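>>> Would you be able to build a 3D model of this:
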Amino acid sequence: MLKRKRWLIPGIALAIAAIVILFLFQEVAVAEHPGSRPEAPTYGVRGPYPVGIRNFVIEGESPLEITIWYPAENTAGYEMVAMYPFVFKTSGILNVFGHLRIAKLAAQAIRNAPFALSESPYPVVVLSPGLGMTASNYGWLAEHLASYGFAVVSPEHHEGLSLEMDVFWRAPIARPQDILTVFDFLDEQVEPGGKLENLLDPQLVAVMGHSYGGYTTLAAGGAQIDLDSFKKLCEETTDEQVPNRDLLCNPIASHEADMVALAGLGPNPPKLWPAWADPRVDAIVPLAGDAYLFNQAGLAPITIPVMAMGGMQDTGTPFVWGAQPTYEYVSSPRKIKIGFQGAEHMIFAGTCQSTSRLAGMTIEQLCYDEVWDREHFHALVGHFTTAFLLAELKQDRDATAMLAPEVNTFPGVEYQAEGY
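Predicted coordinates for the structure are as follows:
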């Protein structure tokens, strides 16, 4: 493996820099990753369905934008989406020049194509983006799942990176409510005359997401916030164990009262906060998911199938605060933990076709991993995720067989499972 440099997820620092030098952006090409690319595993190749994409707005006091990827047909004559923007959302003074566009990502979906209804309704996969990120950053994964017969719904959470850093403590309360809003919308729109009539089955659902989207995924599966345990974890952890400890701990620990008020829990909140979940959720897939707000007692209420993945050198959501405790503490009889040796945090985002240049510095941390070829990594993630969702939402026996530990011996991958 290549020698790596330790780097922190740019997040707020990158956004602050951008407000000063945004006008210096210029597009630059992305070079191919060196080295050979192993053959993709069974479900790592694109599935049989063409993929359509549509955008909707859920009306309300705070309108919520969503993107839906779905199996499509009769695609001739419709617009092909060739690129997605790689975006960090900003707010306050940081949004003077608009959201921060980092790169262009590969895309292969057909805008507003007709629904393929011959085998519908399709199971639903709700995909929650990372903190301050957009649905388009994960278009590669949404397309992959839609090509195997899933309807993938991704909300644009109401948040943006700001100087105040309040998104870190607001998002844990607001994001689960967005998922519940999505469920209400799907219930309405599958009715006769609705925008999604006959397309999907809102009672057959998985939730997945990256980073804070992984936190959102765990909450949707029934996890409950345990701030006392979180604060103790922060106090007992050293900087050597978790290099980003202060960034992860301080914005939340210093705003406990604000979080309690925003959640409407009153002056004496319970040790375990109420669950913000929906009983229709059948399975969850947190990708580098922030599990540290729940910890052992808060993760124990999860009993549905779980596939937790993460990079083992992740400095954004450390593996020991993400995938590892998720696997250890959930009560699910069927659960999987996948660790990618040497992988960093942003590798779950899309493959960059071009990047922007900030004052002569290409933002390679967001588009490359120092150890993994991103296309090969995506093939593995697509394989694992597709097999898991086919097994749990479609009871596909062939896919279930692909989840057995003895067949998952890929180089650089640590695979552990119970119940498969």
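
>>> Please count neighbours and contacts with C-alpha atoms only from this point.
OK.

>>> so where do the helices sit in this protein?
Applying DSSP state H to the chain gives helices spanning 11-21, 139-146, 167-189, 212-220, 227-236, 245-253, 256-263, 295-299, 323-329, 364-367, 374-394, 397-401.

>>> Would you enumerate the residues in contact with the residue nearest to Leu145 when sequence neighbours are not counted?
Nearest residue to Leu145 in three dimensions, chain neighbours excluded: Thr386, at 6.4 Å (CA to CA, 6 or more residues apart in numbering). Thr386 makes contacts with 43, 145, 148, as judged by CA atoms under 8 Å, 6 or more residues apart in numbering.

>>> repeat for Pro41
379-380, 383.

>>> Weed out the non-buried ones from the contacts of Thr386.
43, 145, 148 (16 or more other CA atoms under 10 Å).

>>> which one of those sits closest to Ser162?
Ser162 has its nearest neighbour among the buried ones among the contacts of Thr386 in Leu145, at 32.5 Å by CA to CA.

>>> count of residues packed around the residue nearest to Gly382 when sequence neighbours are not counted?
Distance criterion CA to CA, 6+ apart; nearest residue to Gly382, sequence neighbours excluded, is Gly44 at 5.0 Å. The burial count assigned to Gly44 is 21, neighbours taken as other CA atoms under 10 Å.

>>> From what I see, Gly44 and Glu375 are in contact.
No - here Gly44 does not reach Glu375: they are 10.0 Å apart, not a contact under CA atoms under 8 Å.

>>> The contacts of Thr386 into a markdown table, with extra columns for pLDDT and distance to Val81?
As requested, these are arranged in a markdown table below (pLDDT from 0 to 100; distance: CA to CA, whole Å):
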| residue | pLDDT | distance to Val81 |
| --- | --- | --- |
| Tyr43 | 95 | 23 |
| Leu145 | 98 | 17 |
| Tyr148 | 98 | 19 |
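
>>> What residues does Ser214 make contact with?
Heads up, residue 214 is Gly, not Ser. 128, 130, 208, 285-291.

>>> Try it again at 6 Å.
286-287, 289-290 (CA atoms under 6 Å, 6 or more residues apart in numbering).

>>> neighbour-wise, which of these leads?
So for those (other CA under 10 Å), the most neighbours sit at Gly289, 31 neighbours.

>>> how about the nearest residue to that residue, chain neighbours excluded?
Gly214 is the one closest to Gly289 (CA to CA, 6+ apart), at 3.6 Å.

>>> Repeat that for Gly160.
Counting by CA to CA, 6+ apart, the residue nearest Gly160 is Thr90, at 4.1 Å.

>>> now swap in Asp187 and tell me
Nearest one to Asp187, counting by CA to CA, 6+ apart, is Pro202 at 6.3 Å.

>>> just Ser229 next, same as before
Nearest to Ser229 is Asn295, by CA to CA, 6+ apart, at 6.7 Å.

>>> Flag the shaky bits of the stretch 301-420 of the chain, pLDDT-wise.
For the stretch 301-420 of the chain, applying pLDDT under 70 flags the ranges 355-365.

>>> What ranges does the stretch 1-150 of the chain have for its strands?
Ranges of strands in the stretch 1-150 of the chain, per DSSP state E, counting those that start in this stretch, are 27-29, 51-58, 64-71, 80-88, 100-111, 122-128.

>>> Can you say which of those strands is packed in most?
Mean neighbour count (mean count of other CA atoms under 10 Å) peaks for strand 122-128 among those, with a mean of 27.

>>> Counting by contacts, list what that strand packs against.
strand 151-155, strand 200-210 (3 or more CA pairs under 6 Å, 6 or more residues apart in numbering; DSSP states H and E).

>>> now with 10 Å?
Strand 122-128 is packed against strand 64-71, helix 139-146, strand 151-155, helix 167-189, strand 200-210, helix 212-220, strand 281-287, helix 374-394, with contacts defined by 3 or more CA pairs under 10 Å, 6 or more residues apart in numbering; DSSP states H and E.

>>> what's the angle from that strand to strand 281-287?
40 degrees (axes from the mean of the first three to the mean of the last three CA atoms, to 10 degrees).

>>> Adjacent strands (with direction) for strand 122-128?
The sheet places strand 122-128 alongside strand 151-155 (parallel), strand 200-210 (parallel), with pairing taken from DSSP bridges.

>>> What about the closest residue to Tyr43 other than its chain neighbours, how many residues nearby?
Distance criterion CA to CA, 6+ apart; nearest residue to Tyr43, sequence neighbours excluded, is His383 at 4.1 Å. Number of residues near His383 (other CA under 10 Å) recorded here: 23.

>>> right, and His383 touches Thr42 too?
Yes - counting by CA atoms under 10 Å, His383 touches Thr42, with 6.5 Å between them.

>>> what sits in contact with each of these two?
Shared contacts of His383 and Thr42 (CA atoms under 10 Å, 6 or more residues apart in numbering): 399, 402.

>>> low pLDDT regions in this protein?
For the chain (pLDDT under 70), the answer is 1-37, 94-98, 355-365.

>>> change it to 80
1-38, 91-102, 161-165, 354-368 (pLDDT under 80).

>>> hmm, back to that, I'd like the contacts of Gly214 written out as TSV, with distance to Tyr49 added.
TSV is the format used below for those (distance: CA to CA, whole Å):
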residue	distance to Tyr49
Pro286	25
Leu287	25
Gly289	29
Asp290	32
